[in-house]
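# A predicted structure for the sequence below; I have some questions about it.
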Amino acid sequence: MAGLRVFISSTCYDLSLLRSQLRVFINSMGYDPIMSDYEDVLYDPRVHTHTSCVDEVTNCDVLILIIGSRFGGKATIESLNRINFDKIENESLSVDFLKEKEALSVTQLEVLKAIENAIPVYTFIDKKVWHDHALYEKNKSKDIIDQIVFPSIEKQETAKFIFNFINFVRLRTQGNNIFTFEKGQDIEEILKKQWASYFQRLLYEQRFADAERKRIDILSDQFEDLKTAILTSISNVDQREIARGIVRYRKLFDFLFSLKILTPSYLIDTNDNWDELLQYAGIRDIIDLNNLGIDYSRRPMRSRTFLIRDDYSFYEYRFSVDHLGELSLDWSTFIVMEHESRKIIVETLSEMPHGMGPSLVRLVNKDFREVLDSLQHPNDN
């Protein structure tokens, strides 16, 4: 079985001794270090070496970023084109360093590629650099910033690029761990603790997930047994149909009752089809974010489907449009039932607590057109 592939991203000239030490450490853990200065990277002769380094990141499992005194070589245009900057801009609260993409280093591109591909990044910053970064943050908006000498930085003209990149890493929306170090042993000790704790967390989550699945399976079996027992105990055919209806249409009416305008009296008496029912509820359109090419899983709004009202306020709906299609089929079978049976089902379900509730169907009194624009252009706000 192949070992864990650990990409070490840093400048090489000033950190060569530290990189060598980490290579020994990673090998001792039984993992495979991937380092450009040890020919671990596949250098494709058809592209620049910078591009090969960036491409190699996607073949790794973990990336270790080490930030020291040097900025490193500027990346080539070819390697810059390997990065999806639109995606990266949503990954941090500080993206100032991206304003000058042509000034990025190949080390920075390696990290951006890892983030783009959701590869875990462990960031280690030299304590002296971290101290100077704090000094930079306090004075960067002042006129004197260009007169300040940062002792930890080898070339002063690169200081702002290093410090702004640190801001990007520490203000990531997730995976923004920062560790400082003075010597290689510090990094080794931190990595051993972090990886052991992470593995322990994964084992716990697996145990919890297995236990939860078993609990749900048991509850499902008990529910089916209970439902069967109740239905078989009802001898009257009409009563049995009503009992089945209460079980079958529970989710449908959880949804319908969340659209406040749909009263029990309307639901009992109407012969409207599904489209007419939504129109009566003031729903003018249904939008699925998937169809708009929006990655809703990385957006602040958890819903993927929106029911747009006549005034452009909207309901957030946590399920897909396909789920609404299933509810529409249930509605088509419900409205052909006998009126008395419908009445009993509606009145019974209206008195029960509604499982979907406001957390799954939620009215938002905002203009959906403005919300949609902010989702499509998150960095314009």
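Nice, I can see it. What you see is a predicted model, and the numbers here were worked out from it, not measured in a lab.
# How many residues are close by residue 73?
As a burial measure, residue 73 scores 14 neighbours (other C-beta atoms under 10 Å). (C-beta placed from N, C-alpha, C; glycine too.)
# what does residue 317 give?
23.
# What of residue 10?
Neighbours of residue 10 (other C-beta under 10 Å): 24.
# Wait, it touches residue 71, no?
No - applying C-beta atoms under 8 Å, one finds residue 10 not in contact with residue 71, separated by 11.3 Å.
# need the strands for the stretch 201-350 of the chain, in chain order.
283-288, 305-309, 314-317 (DSSP state E, counting those that start in this stretch).
# Partner strands of the longest one, with direction?
Each strand paired with strand 283-288, and its direction, by DSSP bridges: strand 305-309 (antiparallel).
# any idea how far residue 251 lies from residue 265?
21 Å (C-beta to C-beta, to the nearest Å).
# Residue 197 too?
With C-beta to C-beta as the criterion, residue 197 and residue 265 are 58 Å apart.
# Also residue 74?
Distance from residue 74 to residue 265, by C-beta to C-beta: 71 Å.
# Could you do residue 15 as well?
75 Å.
# Between those two, tell me which one has more neighbours.
residue 15 (21 against 10).
# Please give me every residue in contact with the closest residue in space to that one that isn't next to it in sequence.
Spatially, and ignoring its direct neighbours in sequence, residue 15 is nearest to residue 68 (5.2 Å; C-beta to C-beta, 6 or more residues apart in numbering). Neighbouring residues of residue 68 by C-beta atoms under 8 Å, 6 or more residues apart in numbering: 10, 11, 14, 15, 18, 126, 129.
# Kindly report the same for residue 126.
Counting by C-beta under 8 Å, 6+ apart, the residues that residue 126 touches are 67, 68, 69, 152, 180, 181, 182.
# now with 7 Å?
67, 68, 69, 152, 181 (C-beta atoms under 7 Å, 6 or more residues apart in numbering).
# Distance check, the second one against residue 329.
Counting by C-beta to C-beta, the separation of residue 68 from residue 329 is 62 Å.
# and if you look at the last one?
Distance from residue 181 to residue 329, counting by C-beta to C-beta: 61 Å.
# One more: the third one?
Here the criterion is C-beta to C-beta. By it, residue 69 lies 66 Å from residue 329.
# So for those two, which sits in the more crowded spot?
Taking other C-beta under 10 Å, residue 69 and residue 329 do not tie; residue 69 has more neighbours (20 against 11).
# Check whether the more buried one sits in a helix, strand or coil.
Judged by DSSP: H, G, I helix; E, B strand; the rest coil, the three-state class of residue 69 is coil.
# show me where pLDDT drops low in the stretch 251-381 of the chain?
290-303, 353-360, 375-381 (pLDDT under 70).
# 90 instead?
251-264, 266, 281, 284, 286-307, 312-326, 337-381 (pLDDT under 90).
# thinking again about what came up before, looking at the contacts of residue 126, which is nearest residue 26?
When those are compared for distance to residue 26 (C-beta to C-beta), residue 181 wins out at 15.6 Å.
# Contact partners for residue 320?
So residue 320 contacts 288, 304, 305 (C-beta under 7 Å, 6+ apart).
# likewise residue 308?
Taking C-beta under 7 Å, 6+ apart, we find residue 308 in contact with 283, 284, 285, 287, 314, 368.
# and of those residues, the nearest to residue 191?
residue 287 (45.2 Å).
# is it true that the closest one touches residue 306?
Yes - in this structure, residue 287 is within contact of residue 306 by C-beta atoms under 7 Å, at 4.5 Å.
# Spatially nearest residue to residue 169 (excluding sequence neighbours)?
Residue 169's closest residue in space is residue 123 (C-beta to C-beta, 6+ apart), at 5.2 Å.
# Tell me if I am right that the one you found is in a strand.
Yes - residue state for residue 123 (three-state DSSP) corresponds to a strand.
# For it, give the beta-bridge partners.
residue 65, residue 178.
# Enumerate every residue touching it.
Residue 123 touches 65, 169, 177, 178, 179, counting by C-beta under 7 Å, 6+ apart.
# so what's it scoring on pLDDT?
On the pLDDT scale, residue 123 is placed at 96.
# how near is it to residue 172?
From residue 123 over to residue 172 (counting by C-beta to C-beta), the distance is 9 Å.
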